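Novice: Structure of the sequence below:
(one chain, ligands or ions: 2)
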Amino acid sequence: MQPAISISPLPTQAPRTDQAALIAHIKQMLVAQNAVLVAHYYTAPELQELADETGGYVSDSLDMARFGHEHAAKTLVVAGVRFMGETAKILNPEKRVLMIDSAATCSLDEDCPAAAFTAFCDAHPERTVVVYSNTSAAVKARADWVVTSSIAVKVVAHLHAQGKKILWAPDKHLGHYVQQVSGADMLIWDGSCIVHNEFKAKLLADMKAAHPEAGVLVHPESPAGVIELADVVGSTTALIKAAKELPNQTFIVATDNGIFHKMREAAPGKTFMEAPTGGVGATCKSCAHCPWMEMNNLNKLAQVLETGANEIHIDEAIRQKAVVSIQRMLDFAKTSQQTVLGMGNA
Ligand code: 13P
Ligand code: SF4
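Specialist: Numbering: from 1, shown residues only. Ligands and ions are numbered 1, 2, ... in the order given. Below is the predicted model of the structure:
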């Protein structure tokens, strides 16, 4: 049987060092191939700048999906992690979707294998299945709804108002946060993000006490004790907006530090500090920076455009099911006039 997902490997090439020439070369290839670069906020500043300069897009997971779907380009190049490329392909089967690095995964996706997840769903047929977008195409295909962090509370509150009970996967912290805000009955899968899971509530409380003037911005993939200390909880887009709009000049930020690039752009002159992950003795594999987002770089982007490697292919039967749950989210976002602020408690 054909695997659900296959990504062709990237041939090995020597790294290039002349950055200006490399960027010019990539820009030419993007135009020649009618390709557009869609980047997540956690990727390297030079990739974000290139996306902005070439008519591409830098955003959170929801808006990356929306942009790729609405853009006329024949090729979408995704600077991010695999589930983002898969979402783009599910929504745009007629487009070529390339990943900068095919090995860039996500611990939430890895924590939720499709077979075990399907068995979990089968054991609870009375529940509406809502999955975070940080999942494989096969998991999305088993779901009733896909959500991103910017729309999760709204969707679950909407389902709760209809009397539905929820089965939620894979991020337990986001799940508990959504449960707390929406009041919904939720059965929650035990997954977590290796970046956000490492933020430490006790150390954050100490840091807050040492910087009482600082606003605390927290992504809801963080543990509950960290979320409790937040001034704003929200998607990456919501946190950048808060950095700009709140009067504070200093912020403590509990999310991947790749976001500082856009925060500094949005709020020049303000100061941004990483929320503590446990200091020098930290056990984290990725203190405040996602190792898979880090795999994206300009050299690999150039190689991918030159060779067409890392193209995403998705089994059509799986795609046809997964697109229903993703499209449901996009339609809901449109009708509920989902703004870029998404959720937040500011
Ligand atoms: P956002 O949708 O808030 O950007 O978060 C997605 C994510 O976890 C990327 O790692
Ligand atoms: Fe996944 Fe966490 Fe990396 Fe986002 S930051 S891609 S949730 S591991």
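
Novice: how many neighbours does the nearest residue to residue 237 once chain neighbours are set aside have?
Specialist: Among residues not flanking residue 237 along the chain, residue 60 sits closest, at 4.4 Å (C-beta to C-beta, 6 or more residues apart in numbering). The C-beta positions use only the backbone N, C-alpha and C, and glycine is treated the same way. If you count neighbours by other C-beta atoms under 10 Å, residue 60 ends up with 26.

Novice: from memory residue 60 sits against residue 241, does it?
Specialist: No. Using C-beta atoms under 8 Å, residue 60 is not in contact with residue 241, being 10.7 Å away.

Novice: In a strand, residue 168, correct?
Specialist: Yes. With DSSP: H, G, I helix; E, B strand; the rest coil as the criterion, residue 168 is part of a strand.

Novice: Contacts only, for it.
Specialist: Neighbouring residues of residue 168 by C-beta atoms under 8 Å, 6 or more residues apart in numbering: 130, 131, 156, 175, 178, 179, 186, 187, 188, 189.

Novice: name the element the first one belongs to?
Specialist: In the assignment (DSSP states H and E), residue 130 maps to strand 128-132.

Novice: how about the residue nearest to residue 237, what does it touch?
Specialist: Here residue 60 is in contact with 40, 41, 148, 149, 150, 235, 236, 237, 342 (C-beta under 8 Å, 6+ apart).

Novice: So which of those residues belong to helices?
Specialist: Among the contacts of residue 60, the residues falling in helices (DSSP state H) are 236, 237.

Novice: Closest one of the contacts of residue 60 to residue 329?
Specialist: Of all the contacts of residue 60, residue 329 sits closest to residue 148, with 7.4 Å by C-beta to C-beta.

Novice: Write out the residues of the stretch 1-150 of the chain neighbouring ligand 1.
Specialist: 40, 42, 60, 61, 134, 148, 149, 150 (C-beta under 6 Å from any ligand atom).

Novice: Surely the last one and residue 235 touch.
Specialist: In this case it means residue 150. Yes. Residue 150 is in contact with residue 235 according to C-beta under 8 Å; the separation is 3.6 Å.

Novice: what's next to the next helix or strand after the strand holding residue 130, contact-wise?
Specialist: Going down the chain from strand 128-132, the next helix or strand is helix 137-142, by DSSP H and E. Applying C-beta under 8 Å, 6+ apart, the contact partners of helix 137-142 are 4-5, 86-87, 90, 109, 112, 114, 117-118, 121, 129, 131, 133, 146, 169-170, 314-315, 318-319, 321-322, 325-326.

Novice: Just the C-alphas of helix 137-142, formatted as CSV.
Specialist: Taking Å, rounded to 0.1, in the frame of the first residue of the first chain, the C-alpha atoms of helix 137-142 are listed here in CSV:
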residue,chain,number,x,y,z
ALA,A,137,-2.6,14.3,7.3
ALA,A,138,-3.9,10.9,8.5
VAL,A,139,-4.9,12.3,11.9
LYS,A,140,-6.6,15.2,10.3
ALA,A,141,-8.5,12.8,8.1
ARG,A,142,-9.9,11.1,11.3
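
Novice: How far does stretch 197-208 sit from its chain's centre?
Specialist: 23 Å (C-alpha atoms, centre = their mean, to the nearest Å).

Novice: same deal with stretch 167-183?
Specialist: 16 Å.

Novice: Give the rounded mean pLDDT of that stretch.
Specialist: Averaging pLDDT along stretch 167-183 gives 98.

Novice: And ligand 1, is that stretch touching that?
Specialist: No. For a cut-off given as C-beta under 6 Å from any ligand atom, stretch 167-183 has no contacts with ligand 1; the smallest distance is 8.4 Å.

Novice: Give me the buried positions along that stretch.
Specialist: Buried residues in stretch 167-183, counted by 16 or more other C-beta atoms under 10 Å: 167-179, 181-182.

Novice: ok, is stretch 176-196 in contact with ligand 2 or not?
Specialist: Yes. Stretch 176-196 reaches ligand 2 (C-beta under 6 Å from any ligand atom) through 193, 194, 195.
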